[in-house]
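>>> pasting the sequence and the predicted coordinates here, then a few questions.
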Amino acid sequence: QVQLVEAGGGLVQAGGSLKLSCAVSGLTFGSDVMAWFRQAPGKEREIVSSCYWSGSSTSYADSVKGRFTISRDNAKSTVYLQMNSLKPEDTAVYYCAVRRFGKYAYWGQGTQVTVSS
């Protein structure tokens, strides 16, 4: 059974930092893509950042470039999202996901990030 378990969300003041983690179990990784998405109230889910499970390629949404960093620990099957200089508009539920065979097939349950002004 595949499981993605996010952690690290919370309430932080604007300008602060949080580090999210996503522990994955039940998968044998190959050329999969790991990604972080977010969904704010009343808005569509959007991709924030992604990386290949093997390799160094990463990508970021323009809104988070220079502030967020995606990383992974292959030994722990865990992906991280370091979020710095947080803004109120970063408030959302953050989800991690695994893309396999061209679609995001596995999702975590989400973790709430709230940034106060």
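Nice, I can see it.
>>> so for this structure, the centremost residue is which one?
residue 36 (2.7 Å; CA atoms, centre = their mean).
>>> residues contacting that residue?
20, 22, 47-50, 70, 79, 81, 94-97 (CB atoms under 8 Å, 6 or more residues apart in numbering). Quick note: C-beta positions are derived from backbone N, CA and C, even for glycine.
>>> reformat those as CSV; add distance to residue 105, neighbour count and pLDDT.
Formatted as CSV, those follow (distance: CB to CB, whole Å; neighbours: other CB atoms under 10 Å; pLDDT from 0 to 100):
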residue, distance to residue 105, neighbour count, pLDDT
20, 20, 24, 98
22, 15, 25, 97
47, 15, 15, 98
48, 18, 24, 98
49, 18, 23, 98
50, 14, 20, 97
70, 19, 21, 97
79, 15, 28, 96
81, 20, 26, 98
94, 18, 23, 98
95, 13, 23, 98
96, 13, 29, 97
97, 8, 22, 97
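>>> residue 2: which of the residues you listed is nearest?
Taking CB to CB as the measure, residue 2 lies nearest residue 97 of those, at 11.1 Å.
>>> how about the closest one, what does it touch?
4, 34-37, 104, 106-108.
>>> could you find the closest non-adjacent residue to it?
Sequence neighbours aside, residue 104 is the residue nearest to residue 97 in space, at 4.3 Å (criterion: CB to CB, 6 or more residues apart in numbering).
>>> so what strands line up beside the helix or strand containing that neighbour?
Assessed by DSSP states H and E, residue 104 sits inside strand 103-107. Paired neighbours of strand 103-107 in the sheet (DSSP bridges): strand 92-100 (antiparallel).
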